[in-house]
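**Q** can't give you the sequence, but here's the structure:
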Ligand SMILES: NC(=O)C1=CN([C@@H]2O[C@H](COP(=O)(O)OP(=O)(O)OC[C@H]3O[C@@H](n4cnc5c(N)ncnc54)[C@H](O)[C@@H]3O)[C@@H](O)[C@H]2O)C=CC1
Ligand SMILES: CC(=O)N[C@@H]1[C@@H](OP(=O)(O)OP(=O)(O)OC[C@H]2O[C@@H](n3ccc(=O)[nH]c3=O)[C@H](O)[C@@H]2O)O[C@H](C(=O)O)[C@@H](O)[C@@H]1O
């Protein structure tokens, strides 16, 4: 008869005496108590990935009602494939327990995963206030051997200069008694679970080598995809915001080129497509603006504290921020071409969220476009079949997709290319209208010849 082998008692990972195999086994078995702080668009899917790996995770929600919802198996995040069913399974198996009681969870956990929201203030200075509060809560309960993993996007240097000092000050521990690593989330809403599991490598960089090692071990267990360790936490933080800056600059190039379409008298989208057949050329798509919390904010994280100027990043931001106004001016010109003054016009914005397939209006191009057209005197109506929170749009009228075709309108702007619009029958607008396609996505339903069409980057009829 074989004797049962006692599992070594491994409850924390940083500077653990146990060998790597025992640490991995303990982590997978749920013996290393883990907490995820922030159950939002990224935190909730991430906590479920942790839960399905370890069988036991505590999730900290912003308030009791959200915690109750999650514990009842109700999913507060919509339009995220497989999230609902995974949540029900995890809650049913008691693999995820949500609470708003940060202290109790922090006291019990030895791996602390921080997914608090970060952003910029109105003056574009990075706003880490929620992250700091979360860290102070964790610090009060921090024990030797604990590991703090920062998934939030942050300015380079944050783990070294802000996270570790807050944890030291609040815990009375010294650096080297606990671990800290930047493990920035690179997941995109709409495919969060797939991305978190491993569509692309997970970047992991610690404030010291032992933090990197322990963080690598965690993500190796969590993911089917590769884990890429980088020299330190600042490299990991920097890489994350470089990705957004690259995309912002690239889209700015596309938008600047698109603005030349009229004067060049050519289809710039087609030219970009042709240029991109050269593998070294990967120009992105022009559009009515760049929104969300990543591309507009992260360039400010990169150089905000540096004395060296970054004119390219600033110019890209300016070009992209100007796109809603460019779109509004283009619409005014197209309306004038059919003898309609903008102040007499009813204009419908199709898509209010910042990009396709998300229910999120943060920094959406539709905000600036709606404001500008309203300021010009137009009556602005918005339609978005995905969005649930329209509070940012209190100065425009709202309509639903089923009935908007019955309205008497002068123009429509396709701001966001939600799939739901691809089968919209533009012929339901009986009278000819101006149709401004911001995304080159008018769909399969055909556009009656009587409508006047202008596509950003391609030009007009
Ligand atoms: N949404 C996205 O596309 C991506 C976001 N990220 C980064 O992930 C971080 C989180 O972003 P999202 O999930 O989009 O934010 P979110 O706003 O959807 O979720 C954050 C949630 O966590 C709660 N929260 C924060 N700290 C908490 C604490 N200590 N205790 C309890 N609740 C707490 C907030 O109240 C909020 O409900 C940000 O730094 C963001 O830059 C990274 C990749 C993609
Ligand atoms: C390619 C991708 O999905 N990048 C991520 C990005 O997600 P985000 O939701 O901000 O989407 P995005 O596709 O970059 O779009 C941002 C904005 O830029 C606009 N946009 C984007 C690409 C393009 O060719 N043209 C364009 O106008 C979009 O319409 C949107 O308004 O930011 C996420 C984040 O950091 O929050 C990051 O994790 C994701 O990997």
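**A** That came through fine. Quick caveat: nothing in here was measured; it's all calculated off a predicted structure. Residues are numbered from 1 along each chain as shown. Ligands and ions are numbered 1, 2, ... in the order given.
**Q** residues contacting the closest residue to residue 225 other than its chain neighbours?
**A** Residue nearest to residue 225 in three dimensions, not counting chain neighbours: residue 198, with 2.0 Å by Cβ to Cβ, 6 or more residues apart in numbering. Heads up, the C-betas are built off the backbone N, CA and C, glycines and all. With contacts defined as Cβ atoms under 8 Å, 6 or more residues apart in numbering, residue 198 is in contact with 223-226.
**Q** List only those of the residues you listed flagged as buried.
**A** Taking 16 or more other Cβ atoms under 10 Å as the criterion, what is buried in those is 223, 225.
**Q** Which ones, among the contacts of residue 198, also lie beside ligand 1?
**A** When contact is defined as Cβ under 6 Å from any ligand atom, these do not meet ligand 1 at all.
**Q** any idea which element residue 381 lies in?
**A** Residue 381 belongs to strand 379-383 when assigned by DSSP states H and E.
**Q** Neighbouring strands - and their directions - for that strand?
**A** Looking at strand 379-383 with DSSP bridges, its partner strands are strand 346-350 (parallel), strand 397-398 (parallel).
**Q** The residue in the stretch 1-150 of the chain that ligand 2 sits nearest to and ligand 1, how far apart?
**A** Ligand 2 sits closest to residue 42 of the stretch 1-150 of the chain, with a gap of 7.7 Å, by Cβ to the nearest ligand atom. For residue 42, the distance to ligand 1 (Cβ to the nearest ligand atom, to the nearest Å) stands at 4 Å.
**Q** same check, this time on residue 265
**A** 38 Å.
**Q** mind listing what that residue touches?
**A** Here residue 265 is in contact with residue 459 (criterion: Cβ under 8 Å, 6+ apart).
**Q** same check, this time on residue 305
**A** The contact partners of residue 305, taken as Cβ under 8 Å, 6+ apart, are 155, 157.
**Q** So which bits of stretch 84-100 are buried?
**A** Neighbour count says stretch 84-100 has 86-87, 89-91, 95-99 buried, by 16+ other Cβ under 10 Å.
**Q** ok, residue 354 - how many residues close by?
**A** The number of residues packed near residue 354 is 24, by other Cβ atoms under 10 Å.
**Q** what's the answer for residue 130, then?
**A** There are 17 residues near residue 130, going by other Cβ under 10 Å.
**Q** That one looks like it's in a helix, true?
**A** Yes. Using DSSP: H, G, I helix; E, B strand; the rest coil, the assignment for residue 130 is a helix.
**Q** picking that back up, per-residue confidence for the residue nearest to residue 225?
**A** According to the per-residue confidence, residue 198 scores 90 in pLDDT.
**Q** Provide the backbone phi and psi angles at it.
**A** Dihedral angles phi and psi of residue 198 (degrees, to the nearest 10) take the values phi 140, psi 40.
**Q** any idea how far it lies from ligand 2?
**A** 13 Å.
**Q** how close does that residue sit to residue 148?
**A** Here residue 198 is placed at a distance of 23 Å from residue 148 (Cβ to Cβ, to the nearest Å).
**Q** Tell me the buried residues in stretch 416-425?
**A** The neighbour-count check on stretch 416-425 (16+ other Cβ under 10 Å) flags 416-418, 420-421, 424 as buried.
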